[in-house]
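Visitor: Provide a 3D model corresponding to the input given below.
(chains A and B)
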Amino acid sequence: MSQENIMTINNVTKMFGGIRALNKVNVEVKKGEILGLIGPNGSGKTTLFNVISGFYPATEGTIEFKGENITNLSPHKIARKGIGRTFQIVRPFGDMTVIDNVLVSGLFSGKMGVKQCRDILKTTRLIEREGDLAEMLNLAEKRRLEIARALALSPEILLLDETMAGLTHTEVDESLKMISGIRNEFGLTIILVEHVMRAIMAVSERILVLSEGTKIAEGSPKEVSENEQVLTAYLGRRV
Amino acid sequence: MAMQVLRTGLTGINSLTISLGFLTVIGILGLTADTATTGYLHAMVELMILAYSLNLFTGLSGYANFGHVVFYGLGAYTVSVVAVSLASMGFALPTFMYIIFAGIFAATFALVIGYPVLRLRGDYFAIATLGINEAVRVTICNTPWLGEGRGIYILGLVPTYDIKALYIQLLVIAFAVVITSYLVLKTKLGYGLRAIKDDEDVAEMMGVNTAKYKRIAYALGAFFAGLAGGVVTLQFACSFPEYFFIGRSVDMFVSIVLGGTGTVLGPMIGATLYWMVKDHLLISFPYFHLIIFGTILIILVLFFPGGIIGLLNRFLKKKGRVLE
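Guide: The predicted structure is shown next:
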């Protein structure tokens, strides 16, 4: 794996009024890696995703993608540049069919037609449900649909926001297999927010820990899980 | 924009063919019938065009536009202003040219006003559209060169009162708006708008330039409403502030809800049925027709949110087919 940076997050701060949701976060994302992002509830993981994808403007700091400054571009421009994402609470286009959901991002990224979108549905095991309305899918399928929709942007970075929350044990295993699969098949860089520790430890090559908007640790899954500060953030101070 | 027609899912029944066929039948009926029948069908086709024009924007994007009638009124006034100005210079144009002017002016107005207004969402947008309509109407009522409350008369300046000739022009517009609706629904623009209707933020993050696509649809709807307004001025040889009557907006809204919003066939079925039922109720129950109509509407919205098309699709889907 090359060690070239695909995205650099420099000193990003996000304020909501007086609340500091992200505090001078620095991240270097290496091309082709799976980067896990963990932290207790409210630590700013989803906010970081929202700032990267342009949904929230950053209060301070810059985000560079492939050497280009993409801070505060409109979300559709960032998406077309090759940053796809999913949502913590699933948000498929419920009144549209599964294939049409995927086709929206395929068409608007200008990179895919009906045929390529069908291929993505095969990869994400949704092809049998192609003609069904998205709202008819079950949770696991909706989560896969969100991944499919992001893949149709033919992204270089995929931001997965808790794609395994609420899934059964078997479904988590299948999902893990699929994430590694799509990384290899599409040559993607993946940033993964997850609360299912078993999953994130298994799949990530590097893990970044946020707590109250600040980065408190970074390293291999083993290093992070033994880090005193991380244990404190999750479990409280050792007595 | 790539005008690639996309085919996905169930497309067993070609709604475009049905719509165009139905329009042809109404067209032939109107052209061969007596003047009274032509007048009746003329008004019906006009409502159809307005319903389609509203459907292009509201039906697809989900933005409730209660002030759509403003484009109809502006189209009407464009024709009379252009006709009066040209006549003062000793010119006259073929009638269809006036109508095209009406469409272009309405669409331009939509592009400009759409810039601030389309930043609003939900109820705020709906109220703003009502406001725009009132603002334009009141401005006209207080502007001397726009005839204030009296309106602008163009009798003798352009050929008017030829109901059959106007009917043909109206039919051409109707064919155009049906085909446009089909193309919009089946191309990139339609996919973008449907995504916006479902979840605008997600659409934006999936690469849809939501601001741009909303404006395009808003202007497209305004264009066809403007054309219909142009025809009405030629029909009555004048344009009044009454053309901005909000009840007209309600007519269009009910038509698309009745037929099925965001579909190709819906506005046609809705407008036809609405026109016939409304007319019938008005004659049979001159004092109670609005009460009866209101009741029917409430029942429709409560129990059949997808309109007639939605109702038919419940049965058709079991057979693997679907109306669009």
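Visitor: which residues touch B:Leu29?
Guide: B:Thr37, B:Leu41 (C-beta atoms under 8 Å, 6 or more residues apart in numbering or on different chains). C-betas here are computed from N, CA, C, even on glycine.
Visitor: And it, how far from B:Tyr243?
Guide: For B:Leu29, the distance to B:Tyr243 equals 27 Å [C-beta to C-beta, to the nearest Å].
Visitor: Report the buried residues of the lowest-mean-pLDDT helix or strand in chain A.
Guide: One helix or strand of chain A scores below all others by mean pLDDT, DSSP states H and E: helix A:228-235, with a mean of 83. For helix A:228-235, burial by neighbour count (16 or more other C-beta atoms under 10 Å in any protein chain shown) applies to A:Val230, A:Ala233.
Visitor: next one: stretch A:198-214
Guide: When burial is assessed from 16+ other C-beta under 10 Å, stretch A:198-214 yields the following buried residues: A:199-201, A:203-204, A:206-211, A:213-214.
Visitor: want to throw those into TSV with secondary structure?
Guide: Formatted as TSV, these follow (DSSP: H, G, I helix; E, B strand; the rest coil):
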residue	secondary structure
A:Ala199	helix
A:Ile200	helix
A:Met201	helix
A:Val203	helix
A:Ser204	coil
A:Arg206	strand
A:Ile207	strand
A:Leu208	strand
A:Val209	strand
A:Leu210	strand
A:Ser211	strand
A:Gly213	coil
A:Thr214	strand
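Visitor: correct me, but B:His68 touches B:Thr129?
Guide: Yes: the criterion here is C-beta atoms under 8 Å, and B:His68 meets it with B:Thr129 at 7.3 Å.
Visitor: who's in contact with stretch B:70-81?
Guide: With C-beta under 8 Å, 6+ apart as the test, stretch B:70-81 has contacts from B:50, B:53, B:98-99, B:101-103, B:105-106, B:109-110, B:129, B:132-133, B:136-137, B:140, B:146, B:151-154, B:221-223, B:225-230, B:232-234, B:238-239, B:241, B:243-244, B:248.
Visitor: Show the average pLDDT along it.
Guide: In this model, stretch B:70-81 carries a mean pLDDT of 96.
Visitor: and what of stretch B:123-130?
Guide: On average, stretch B:123-130 scores 94.
Visitor: Pull that stretch out as CSV, backbone CA atoms only.
Guide: Provided in CSV are the C-alpha atoms of stretch B:123-130 (Å, rounded to 0.1, in the frame of the first residue of the first chain):
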residue,chain,number,x,y,z
ASP,B,123,-44.4,26.1,4.5
TYR,B,124,-42.1,29.2,4.1
PHE,B,125,-41.8,28.6,0.4
ALA,B,126,-45.6,28.1,0.0
ILE,B,127,-46.3,31.3,1.8
ALA,B,128,-43.7,33.2,-0.2
THR,B,129,-45.3,32.0,-3.5
LEU,B,130,-48.7,33.4,-2.3
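Visitor: What is the distance between the least confident helix or strand of chain A and the centre of its chain?
Guide: Centroid separation between helix A:228-235 and its chain, computed with C-alpha atoms, centre = their mean, to the nearest Å, is 23 Å.
Visitor: Checking B:Thr263 next. Helix, strand or coil?
Guide: Three-state call for B:Thr263 (three-state DSSP): coil.
Visitor: tell me the pLDDT at the residue nearest to it when sequence neighbours are not counted?
Guide: In space, not counting the residues next to it along the chain, B:Thr263 is nearest to B:Ile309; the distance is 4.8 Å by C-beta to C-beta, 6 or more residues apart in numbering or on different chains. pLDDT for B:Ile309: 88.
Visitor: How about the one 3 residues further on?
Guide: B:Leu312 carries a pLDDT value of 86.
Visitor: what's the answer for the one 4 residues further on, then?
Guide: Here, the pLDDT recorded for B:Leu316 equals 81.
Visitor: Quick check: mean pLDDT of stretch A:189-209?
Guide: Stretch A:189-209 comes out at a mean pLDDT of 89.
Visitor: Oh, that last question was meant for stretch B:23-33, not what I typed.
Guide: Regarding stretch B:23-33, the rounded mean pLDDT is 93.
Visitor: Helices along the chain, start to end?
Guide: Going with chain A. Taking DSSP state H as the test, the helices found in chain A are A:45-52, A:75-81, A:98-108, A:114-123, A:139-151, A:169-186, A:197-203, A:221-226, A:228-235.
Visitor: meant chain B actually
Guide: Secondary structure of chain B (DSSP H): helices at B:15-32, B:35-54, B:60-61, B:69-88, B:95-117, B:122-141, B:163-186, B:188-198, B:200-205, B:210-236, B:246-259, B:266-284, B:289-303, B:307-316.
Visitor: Contact residues of the stretch 101-250 of chain B facing chain A?
Guide: Within the stretch 101-250 of chain B, the residues that sit near chain A (C-beta under 8 Å from any C-beta of the partner chain) are B:188, B:191-192, B:194-195, B:197-199, B:201-210.
Visitor: hmm, which of those are the buried ones?
Guide: Buried, going by 16+ other C-beta under 10 Å: B:188, B:191-192, B:194-195, B:197-199, B:202-210, out of these.
Visitor: now stretch A:61-70: how far from the chain's centre is it?
Guide: Computed by C-alpha atoms, centre = their mean, the chain-centroid distance of stretch A:61-70 equals 17 Å.
Visitor: Buried residues in that stretch, which are they?
Guide: Buried residues in stretch A:61-70, counting neighbours by 16+ other C-beta under 10 Å, are found at A:Gly61, A:Ile63, A:Glu64, A:Phe65, A:Ile70.
Visitor: Spatially, which two of those residues are the most separated?
Guide: Across those, the longest distance by C-beta to C-beta is 13.8 Å; it joins A:Gly61 and A:Phe65.
Visitor: by contact count, what packs against the lowest-mean-pLDDT helix or strand in chain B?
Guide: Least confident element among the helices and strands of chain B, by mean pLDDT, DSSP H and E: helix B:289-303 (a mean of 83). If you count contacts as 3 or more C-beta pairs under 8 Å, 6 or more residues apart in numbering or on different chains; DSSP states H and E, helix B:289-303 packs onto helix B:246-259, helix B:266-284.
Visitor: Let me know the angle separating that helix from helix B:266-284.
Guide: Orientation of helix B:289-303 against helix B:266-284 (axes from the mean of the first three to the mean of the last three C-alpha atoms, to 10 degrees) gives an angle of 150 degrees.
Visitor: And the residue positioned nearest the centre of chain B, what's its pLDDT?
Guide: Chain B has B:Leu50 as the residue nearest its centroid, 2.0 Å off, counting by C-alpha atoms, centre = their mean. The per-residue pLDDT reported for B:Leu50 equals 97.
Visitor: I'd like the distance between the closest residue to it other than its chain neighbours and B:Phe66.
Guide: Once flanking residues are discounted, B:Leu50 sits nearest to B:Met252: 4.6 Å by C-beta to C-beta, 6+ apart. According to C-beta to C-beta, B:Met252 stands 10 Å off from B:Phe66.
Visitor: ok now do A:Arg80, which residues does it touch?
Guide: By C-beta under 8 Å, 6+ apart, the residues touching A:Arg80 are A:Phe108, A:Ser109, A:Gly110, A:Leu153, B:Gly207.
Visitor: farthest-separated two in the residues you listed?
Guide: Of all pairs drawn from the contacts of A:Arg80, the one with the longest distance (C-beta to C-beta) is A:Gly110 and A:Leu153, at 9.8 Å.
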